[in-house]
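Q: I need the structure of the sequence given here:
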Amino acid sequence: MTEQPEPASVLTSELLQRIRDRAADYDERNAFFTEDLDELRAAGYLRPRSLLDAARDQRLLAAHAPATALGLTMHLVWVGVARDLAAAGDDSLAWVSRDAEAGELFAFAISEAGNDRVLSDSTTRVDRVEGGWELTGTKIFTTLSPAWTRLGTLGRHDPAPGAPGAGAPAAASAGPAIVHGFLTRERDATGALVDTPGITVTPDWNSLGMRATQSHTTHFDRATVADERVARILPVGPSADPFTLAIVANFLTLISSVYAGLADRALELAIESAHRRTSLRNEGAPYSADPDIRRRIADAALALDALAPQIEAVCRDRDQGLDRGMRWFRDLAGLKQRSVATARAVVDQVMHVAGGGAYRATAELSRLQRDVLAGIYHPGDPESVHATIAADLLGPLP
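A: Presented below is the predicted three-dimensional model:
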């Protein structure tokens, strides 16, 4: 088969520079990246593409504005899920691709306080109603809150004993089930978002880092997912359904790319600093000649160099439909854990190299240090990652 040329990225150097120039202001004002989104949507960044292309774009975008890249990861995950299912012959989410092509913005409402089972269970209640399902509960970390028009979410349905619920689709089981689906937020004639019945967004995002994502708390009070927008109804508990695997694969790979890109920028700033700063002790020589500084930068680069082959190999295998079976969950969890840990280590080394000036709140490296900490809070956490790998190696716990 003749290898096709890789499509050119829409991320031009001019666009990226404008995005970088706005990043500090968004962070300082704790404001959503509205202008970034407008420009990226107009450039075609929301449209479907391969996982490899999306990962490369996300790494590049994150090197210029980590919070913008992290926010758009949520959209690209859903676009990737639709792409992966279609490649496997399942067109149930073809509408997601069409909406993304048209510029609609997808987001996640998955996380819940106290729910460490993430996709496999939920504290949000789901009740069967005519033509759909009603959700009641509270979601946290709903990234892209000010701008999403399509919201992927889930909740738990506990049917009455002996029945899946009146009018429930055949896919529903008689036992507790997780209903995955999408809510819609429309725009009025002026383009402003219109409140959707049953959905309340509390503007409470005031975080240490990744501030421009504006990941507010979202409350559901009988918010309705229409039957035609239900993606899956799966039993409560871990699932190897292609839909679940596609979410995990796209999310963890693109998250890894974001933190790799953040580390790329940190290393770039370290090199600039080492050439710019001079040492009185060494008679005005630049710090780039200092053996300790050189070693720190080399250590950071060694760690960072290992990420690209791992991320790109996973992307290619997913794009080509390689079946790694249940090993996928181990490989994907490990990739995210290594990427976040590496990015944190790189930023730590860079802060040593850059000196006290990097500790100022207005310094870009100070913002990167705050942003990189967010990586430890994305699923899966180190405990679940180790549990996944141990189960792959040793078998499940009895």
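Q: Do you have the strands of the stretch 201-350 of the chain handy? List them.
A: 216-226, 230-235, 278-279, 285-286 (DSSP state E, counting those that start in this stretch).
Q: For the protein, spot the helix or strand the model is least confident about on average.
A: Taking mean pLDDT, DSSP states H and E as the measure, the helix or strand of the chain with the lowest value is strand 278-279, at a mean of 64.
Q: ok so, going back, need the strands of the stretch 201-350 of the chain in JSON lines (columns: distance to R316 and mean neighbour count).
A: The C-beta positions use only the backbone N, C-alpha and C, and glycine is treated the same way. Shown next, in JSON lines, are the strands of the stretch 201-350 of the chain (distance: least, C-beta to C-beta, whole Å; neighbours: other C-beta atoms under 10 Å):
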{"stretch": "strand 216-226", "distance to R316": "34", "mean neighbour count": "20"}
{"stretch": "strand 230-235", "distance to R316": "26", "mean neighbour count": "19"}
{"stretch": "strand 278-279", "distance to R316": "45", "mean neighbour count": "14"}
{"stretch": "strand 285-286", "distance to R316": "40", "mean neighbour count": "14"}
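Q: Could you check how many residues crowd around D371?
A: The local packing of D371 (other C-beta atoms under 10 Å) involves 31 other residues.
Q: which residue sits closest to it, ignoring its sequence neighbours?
A: G209 (4.1 Å; C-beta to C-beta, 6 or more residues apart in numbering).
Q: Can you list the low-confidence ranges for the stretch 1-150 of the chain?
A: Counting by pLDDT under 70, the stretch 1-150 of the chain contains low-confidence residues at 1-7.
Q: Quick one: the strands in it, in order.
A: 106-109, 125-129, 132-142, 150-157.
Q: Spit out the contact partners of the residue nearest in space to the middle of the chain.
A: Residue closest to the average C-alpha location in the chain (C-alpha atoms, centre = their mean): T73, at 3.9 Å. T73 makes contact with Q58, T143, F251, L254, I255, V258 under the criterion C-beta atoms under 8 Å, 6 or more residues apart in numbering.
Q: Can you tell me how far the residue nearest to the third one when sequence neighbours are not counted is from G132?
A: The shortest distance from F251 to any residue that is not its chain neighbour, by C-beta to C-beta, 6+ apart, is 4.9 Å, and that residue is V77. As for V77, its distance to G132 is 23 Å (criterion: C-beta to C-beta, to the nearest Å).
Q: Of those two, which one has the most company?
A: Set V77 next to G132 and count neighbours by other C-beta under 10 Å: V77 wins out with 25 against 19.
Q: got a list of what the more buried one touches?
A: If you count contacts by C-beta under 8 Å, 6+ apart, then V77 has F106, F108, I247, N250, F251, L254 around it.
Q: would you turn those into JSON lines with distance to L332 and neighbour count?
A: Formatted as JSON lines, those follow (distance: C-beta to C-beta, whole Å; neighbours: other C-beta atoms under 10 Å):
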{"residue": "F106", "distance to L332": "20", "neighbour count": "24"}
{"residue": "F108", "distance to L332": "17", "neighbour count": "23"}
{"residue": "I247", "distance to L332": "10", "neighbour count": "25"}
{"residue": "N250", "distance to L332": "10", "neighbour count": "26"}
{"residue": "F251", "distance to L332": "9", "neighbour count": "25"}
{"residue": "L254", "distance to L332": "11", "neighbour count": "28"}
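Q: with the residues you listed in mind, which one is nearest to G191?
A: F106 (18.0 Å; C-beta to C-beta).
Q: so that closest one makes contact with A147?
A: No. At 10.6 Å, F106 does not count as touching A147 under the criterion of C-beta atoms under 8 Å.
Q: Next, the distance between the ends of stretch 88-101.
A: Using C-alpha to C-alpha, to the nearest Å, the end-to-end distance of stretch 88-101 comes to 20 Å.
Q: Begin at 35, not 1, for the rest of this chat.
A: Sure, I'll start counting at 35 from here, so that last one is stretch 122-135.
Q: Identify all contacting residues around that stretch.
A: 80-82, 109, 112-113, 115-117, 119-120, 140, 184, 216, 265, 276, 355.
Q: out of these, which are buried?
A: Neighbour counting by 16 or more other C-beta atoms under 10 Å classes 80, 82, 109, 112-113, 115-117, 119-120, 140, 184, 216, 265, 276 among the contacts of stretch 122-135 as buried.
Q: Alright, I will stop here.
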